[in-house]
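*Asks:* using only what follows, build the 3D model:
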Amino acid sequence: MTLPAVILYSLFYLYPTINNLRYSLTKWDGFGEPEFVGLNNFSRMLTDDTIFNKVLSNNIEFTFLVVIFQTAFSLLFAIFLLKNSRSATFLRTLYFFPTIISSVSVAMVWQFLYEPNLGPINVFLKSIGWDFLALNWLGSETVTLRAIAFTQVWFHVGQMMVVYIAGLQQIPAELYEAAEVDGATRWQQFKAVTWPMALPTTAVVMAYTTIQSFRAFDLVYSMTQGGPNNSSSILVTLIYLTAFNEFRFGYAATQSIFLVVFILAITALQRRILRTRY
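*Replies:* This next block holds a predicted model:
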């Protein structure tokens, strides 16, 4: 009974993974015979590739911003929309709705919103006299990455809110009742009951958000294609450009292996830190 699943897994996951490891040790343009170069690709990537280092730094900053703000806002929305009232149900649906839209559609909407001359964001800022905040959101090397990070948070915060709601609904009501009897304020209840009990859910949310942030290819590429000057490029866009623009498939395979290992290391670290607290 498991044979069909094993065949499909081996064909579409296991074989490509092993093949990717093989190509990471070669110099290959996708057409001729791969030239074996050993660990030269890894050595160059980690020591001599300034673009890779810049993009890795971008990805760390992007992930940090998205994980912090998406986790915080999704928990905040979940707390306020925890009760199953009509208004809460409507708002849950409203906040979750962006998640079901395609990434390319979201990118096109926010490209319009961020447009420096006619975009609603800058038009609104100029109308209230805040011209100094009307920036070239997707054309500035210092702002672009953070603008896309905001879009990523908006895109997925509703999805993580639903996860938090499911986790918060498992907290026994008796704990809050006991806290109220002891005279605890809402903030004290959050610190003593909600946050400690929500840590397992937070571990899931942070791990999933981290993976989402490292895989945000379609959003980043649709909005800026990694520009200007690689200031918004992340590892997945760099891998794509290395392979299909520069035809360095062996080097792209090396970068993809680093990406997988790096994600595993970060999620394992997050899990270990949060496990010490619950």
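*Asks:* so for residue 237, what's the nearest residue that isn't a sequence neighbour?
*Replies:* residue 226 (4.6 Å; CB to CB, 6 or more residues apart in numbering). Just so you know, the C-beta spots here come from the backbone N, C-alpha and C atoms, and that holds for glycine as well.
*Asks:* typo on my end, it should be residue 217
*Replies:* Nearest to residue 217 is residue 236, by CB to CB, 6+ apart, at 4.0 Å.
*Asks:* can you give me the distance of the residue of the chain most remote from its centre to residue 189?
*Replies:* Here the chain reaches farthest from its C-alpha mean at residue 181, the gap being 40.8 Å by CA atoms, centre = their mean. Using CB to CB, to the nearest Å, residue 181 is found at 11 Å from residue 189.
*Asks:* and what of residue 180?
*Replies:* 8 Å.
*Asks:* and for residue 35?
*Replies:* Distance from residue 35 to residue 189, by CB to CB: 64 Å.
*Asks:* more neighbours: those two, which one.
*Replies:* Neighbour count, other CB atoms under 10 Å: between residue 35 and residue 189, residue 189 has more, with 17 against 11.
*Asks:* distance from the host helix or strand of that one to the middle of the chain?
*Replies:* In the assignment (DSSP states H and E), residue 189 maps to helix 186-189. Helix 186-189 sits 30 Å away from the centroid of its parent chain (CA atoms, centre = their mean, to the nearest Å).
*Asks:* related to what we said a few turns ago, count of residues packed around the residue nearest to residue 237?
*Replies:* 22.
*Asks:* repeat for residue 80
*Replies:* Residues lying near residue 80 (other CB under 10 Å) number 11.
*Asks:* contact partners for the closest residue to it other than its chain neighbours?
*Replies:* Once flanking residues are discounted, residue 80 sits nearest to residue 88: 7.9 Å by CB to CB, 6+ apart. If you count contacts by CB atoms under 8 Å, 6 or more residues apart in numbering, residue 88 has them with 80-82.
*Asks:* tell me the secondary structure for residue 88?
*Replies:* Secondary structure state of residue 88, per DSSP: H, G, I helix; E, B strand; the rest coil, is helix.
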